[in-house]
Structures are given as C-alpha cells and as structure tokens.
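**Student:** coordinates for the following, if possible.
(one chain, ligands or ions: 1)
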Amino acid sequence: MSLHEEIERRRTFAIISHPDAGKTTLTEKLLLFGGAIHVAGAVKSNKIKKTATSDWMEIEKQRGISVATSVMGFDYDNYKINILDTPGHQDFAEDTFRTLTAVDSVIIVVDIAKGVEAQTRKLMEVCRMRNTPVIIFVNKTDREGKNPFDLLDELEAELKIAVRPLSWPINQGQRFKGVYNIYQEKLDLYTPSKQTVTESVAFNDINNPELENYIGQQDAAQLREDMELINGVYDDFDTAPYLAGQLAPVFFGSALNNFGVKELLDCFVKIAPCPLPIHSLEREVDPEEESFSGFIFKIHANMDPNHRSCIAFVKICSGKFERNVNYKHIRLGKMMKFSSPTAFMAQKKETVDEAFAGDIIGLPDGGGTFKIGDTLTGGEELHFKGIPSFSPEMFKYIENADPMKAKQLEKGIHQLMDEGVAQLFTNQFNGRKIVGTVGQLQFEVIQYRLEHEYNAICRWENISLYKACWIQSEDKTELENFKKRKFQYMATDKEGRDVFLADSGYVLQMAQHDFPKIKFHFTSEF
Ligand code: G4P
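**Tutor:** Here you go, the predicted model:
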C-alpha cells in the first residue's frame, strides 16, 4: 500500500463524555465490530471510581489498565481505526485535554436523560479551540429521557455547535422501537440484546404505509411528523461544515444494547477526517510528506516502582516511522533510534517495525528522555504547537518533609511535571513552589508517586488562589508596572514565563480593568 493509501485509511479519534454517559460501553462495542475483541466485558473501565480517592492499590491498578487501553487500534472495512482512550475521572481532565491534541476527530457521548453535563461542556471547549470535527452519540435510548428535539436544542446551545440528526429515535424507554437511520435511509429495529446486531430494513420513503407494520400506527405517525420537522428545520447534511468543526451530526442509540453503534461506525469511517495537516512553529506539516515527524502528547509512568520507566506516546504527524532508524529529538538536539517501539492493537501492546501518520506509537523511556510536547523528526527543526496547559483550579505550596531527601524531591517534582501530572509555578516574591492542578486527586497522586517512585516525602500547605494566568503585553512599561504592583502575586512557570496568581475573581477582574494593555491568558498556548 502506498503512503497515501495508508494515511487515507486512518481514522484517529477519541470518545469523550461526562462520566457514566457510556464511553466505556461504546468503546467496547466498537471493538467488537472491529473484531478486536470477541466478548463483551473485555474492556476494563479506565475510570477511577469516585469512591476510590484513597484506595491507592485501586488507582495504581487502574493506571496499569489504562496503559493497555490508552490506544486501541483495529481494522474495520479497510479502515485503520485508532481510538484514544481518555480518563473518565474529571480530576484527570488535563490528560484528556492533551489526548485531544493527538486526534483528528471526536465522538461525544451524551446520556439521553442527563443531556449536556459539565465535563462534556468543558471537553467541547477544547474541541472548539482546535475546530475538531465532532459526532454526537445520544446514548441510553432504551431509557426514558429528554424529548429529542429539546435535546438537540440543548446540544446546540450548550456545546455551541450547529447539529444535524442523522438518525432519529422511534419512541424511547420501554416503548423504544428503534431508530430511523436518516444517513442510510434505513429503518433499524430494536431487539434488546447485548450481543446481536440490529435488524435493518431499507426504507427510503417513510410515507410508505409499510412503516405501520414495523412500528405501529402511533409511532409511524409520530416519526413522519418528526421527520417533516427535521427536514424543515435542518439543512441537508453536508460534510464540509462537519469537517470544519461547525456542525455535529447526531446519532441516537443504546451502546449497552449494541444498538445504533454499527450505524454510527459506518457513517464515522466515511465522513470522519483522515490525518490532517498539523501546524508547527515553523510551517504546516502535511501527513503525506515522506519524512517522519511526530510529537509526544502523553507520558505514562510504569507500574513497577523499582524501575522508573515510562512509555512516551507519540502521535505520528507525517510520513512513516521505522524501528531502528535514527530520528532527531529536537529539544535535546540529539539523534536517537528506537529498538522497541510499540503499537497498540486492540488490547495488546506489540513491537512494530513501522507506523504511519495518524498512528500512535509508544516509546519506552528509561530516564526522563521525553517531555510532553517534545518533537521527533527525520532531521528538520520542527516544533509542534498545540499542547496547551490549562489554567489550574487548585493550588498548594509543596514543601519538603524530609531534609535528607531534597534532591530526590526536586527530581521527582520535575519529572512528574514533565509528564504533565500538574503544573509547577515558582512564586517570585518568596521563591516557594506552588503546584496547580485541576482536581484534588492529583495532589494525592503526586504525593504517593513521589514517595513510591522517588523516595521523597512532600507536605502540602494550603494557599488561597483563584486562578493562575499567563500574562503578556506589547507594552513593556505596562508589563513592568503590573509586575511591580503585583510583585507578591507574580510567579514563573516551568518555561520561565510570567504568571499572575489572582487570589479572587474580583482581583482578576480589577487587574484586567486597570491594565487594559495586558493580555491575560487562561491556557498556555497563545
Ligand atoms: P463511562 O465510561 O462514560 O463512564 O460509562 P460506562 O460505559 O461505564 O457506562 C456507565 C453506566 O451506564 C454503566 O452502568 C453502563 O452499563 C450503563 N450504560 C451504558 N450504555 C447504556 C445504554 O445504552 N443503556 C443503559 N440503560 N445503560 C447503559 P453501571 O451500572 O454503572 O455499570 P455496570 O455495572 O453495568 O458496568
């Protein structure tokens, strides 16, 4: 197969949802269709249970599972599908944000009863920043939920994206009869079973009186009425706005009952984008360029506390990656080759000889070789953009609790930050180190890992902060004035950039008001 054909057939995407909407269940069903697994229940949930915040064995175990299930590749209908898994627990949202930088499209799962939830909204913001194409799967139609038209309005308003149903539910809950597949002009009838495939009838004219034979008079009348409204309100589906991230096709179904999943997949492979050009600081890189390039979007620490080895996940942006070929690690300015790169097929990790743009490979890293955002190329100086850090929401001073282990602590903190576990700021006023996270759980993870992997003990001290934001201004005098006025609240991030630590929303608002020439950024990518 030519490079062009290899790249054209790749679909690299993530499934995202608020916890419990059905992401794990949907992933599992997709793998079943790909023949990647053969029984339901084979995919272990990558979510850390809400109750388990202090159950370390459980978290460690689940972290181990999530290495295996982080990327799931399989072939389906001549397409090579790569699903990137994202942690369900919202305290690991940062990890999810980064994963989204490595995908070409996204499927969002929404619970029909709950509609758009907090985490869905937040993840959609990240998709919108990058104009990532999204398809929405409204799940759990076998349960009573919202009116589908109300739900479409909610999706549009809350996710700030135009929507277009490509399937439509026929009733719901106990009276759920199936969906009308608008995309394929079929009637998909519901048989509640967890293992069998839907019964489908070609049905291109819903005014055909045979409809009554399948779904009864009342539901047939309702479906006709609904379809008339849909056709009146929504434009015909067009892939261009979808690919531009402006229009989300919507499917309805029940992942648990394996209903509507194949229809989703069949449409997805047809319309979802193959690997797209990626911006580097220097230029736009086309996936079909011969020369290999890629970036590290995730680093996963190994389970074994005696060996501090990691797996660095590389998204291949262009060309072909080959085992044992020299590539340039741009930040270190060093040529390196890799003897045991792994690919992720279904549930297994295996060594691969080659991989193509769109694929994710894992590179074992024994000693802090990689940081999130590092670029590898065939030799060209490229730096890929697009690994934003988000303004954290929780802050604590980190202190050394064992004076004999200061060095270990220092090293541990820096390596964990390179892995992207949290963000480190140094207060310019008192020199103290502040760790910023998106959730309480990270503080516990950091403390635990420092102790078990680096033999260092840390102590947390509370600090009351509202937000950390990166500041920037063309007007150097204004910037200096600001820094002088706020000197107690100025910090630097890992890269030495200026960060303002606002202790309340009011203070931040006033600062924005008093210093109009200063830009306050809430993500590190600006
Ligand atoms: P998540 O990864 O998004 O967090 O969700 P997950 O797939 O784990 O699903 C959350 C719960 O919703 C699970 O139930 C799952 O069985 C259920 N579920 C998923 N899809 C459907 C569906 O189409 N219909 C219905 N009725 N339920 C669905 P649980 O009781 O929390 O877990 P389990 O004991 O069933 O594994």
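
**Student:** okay, and the beta partners of the residue lying closest to residue 169 once chain neighbours are set aside?
**Tutor:** Computed as Cβ to Cβ, 6 or more residues apart in numbering, the closest residue to residue 169 that is not its neighbour in sequence is residue 252, at 4.4 Å. Using the backbone N, CA and C atoms, a C-beta is placed for each residue, glycine as well. Beta-bridge pairing of residue 252 under DSSP bridges involves residue 138.

**Student:** run a quick neighbour tally on residue 252.
**Tutor:** Residue 252: 32 surrounding residues under other Cβ atoms under 10 Å.

**Student:** go ahead and confirm it touches residue 168.
**Tutor:** Yes. The pair residue 252 and residue 168 passes the contact test of Cβ atoms under 8 Å, sitting 6.6 Å apart.

**Student:** common neighbours of those two, please.
**Tutor:** 148, 179 (Cβ atoms under 8 Å, 6 or more residues apart in numbering).

**Student:** can I see the domain layout of this structure?
**Tutor:** Using automatic domain parsing, the domain parsing of the chain gives 3-174+236-271, 278-377, 394-521.

**Student:** worst average pLDDT in these?
**Tutor:** Lowest mean pLDDT within the domains of the chain: domain 3-174+236-271, at a mean of 84.

**Student:** residues touching whichever residue of the stretch 101-250 of the chain sits closest to the ligand, list them.
**Tutor:** Evaluated by Cβ to the nearest ligand atom, the stretch 101-250 of the chain has residue 140 as its residue closest to the ligand, separated by 3.9 Å. The contact partners of residue 140, taken as Cβ under 8 Å, 6+ apart, are 21-22, 111-113, 254-256.

**Student:** so which of those residues sit within helices?
**Tutor:** The members of the contacts of residue 140 all map outside helices under DSSP state H.

**Student:** any residues of the stretch 301-450 of the chain in contact with the ligand? List them.
**Tutor:** By Cβ under 6 Å from any ligand atom, no residue of the stretch 301-450 of the chain approaches the ligand.

**Student:** which stretches in the stretch 301-450 of the chain count as strands?
**Tutor:** For the stretch 301-450 of the chain, applying DSSP state E, counting those that start in this stretch gives strands covering 310-318, 320-322, 327-329, 334-336, 342-345, 348-351, 354-356, 360-365, 375-377, 394-400, 423-427, 433-437.

**Student:** which of those strands sits closest to residue 6?
**Tutor:** Among those, the nearest to residue 6 by Cβ to Cβ is strand 354-356 (4.4 Å).

**Student:** if you count contacts, what does the closest one end up packed against?
**Tutor:** Using 3 or more Cβ pairs under 8 Å, 6 or more residues apart in numbering; DSSP states H and E, the elements in contact with strand 354-356 are helix 3-8, strand 320-322.

**Student:** any chance you could list what contacts the shortest one?
**Tutor:** Yep, that's strand 320-322 we're talking about. Strand 320-322 is contacted by residues 3, 6, 290, 292, 294, 314, 327, 341, 353-357, 359, 361 when judged by Cβ under 8 Å, 6+ apart.

**Student:** just to revisit the earlier point, now, among the contacts of residue 140, which is nearest to residue 429?
**Tutor:** residue 21 (43.8 Å).

**Student:** count the neighbours of the closest one for me.
**Tutor:** 28.

**Student:** same question for residue 404.
**Tutor:** By other Cβ under 10 Å, 9 other residues sit near residue 404.

**Student:** for the stretch 1-150 of the chain, what lies in contact range of the ligand?
**Tutor:** Residues of the stretch 1-150 of the chain lying near the ligand (Cβ under 6 Å from any ligand atom): 17, 19-25, 45, 47, 88, 139-140, 142-143.

**Student:** just the ones of these in strands?
**Tutor:** Within these, residues falling in strands by DSSP state E are 17, 139.

**Student:** how far off centre is stretch 102-109?
**Tutor:** 7 Å (Cα atoms, centre = their mean, to the nearest Å).

**Student:** any idea how far residue 126 is from the closest residue to residue 324 other than its chain neighbours?
**Tutor:** Closest residue to residue 324 in three dimensions, ignoring its sequence neighbours and counting by Cβ to Cβ, 6+ apart: residue 337, at 5.2 Å. Counting by Cβ to Cβ, to the nearest Å, the gap from residue 337 to residue 126 is 34 Å.

**Student:** which of those two has more neighbours?
**Tutor:** Using other Cβ under 10 Å as the criterion, residue 337 and residue 126 rank with residue 126 on top: 21 against 11.

**Student:** next up, identify which helix or strand the more buried one is on.
**Tutor:** Element membership for residue 126 (DSSP states H and E) is helix 118-129.

**Student:** wait, residue 472 touches residue 515, no?
**Tutor:** No. Taking contacts as Cβ under 8 Å, residue 472 lies outside contact range of residue 515: 11.4 Å.
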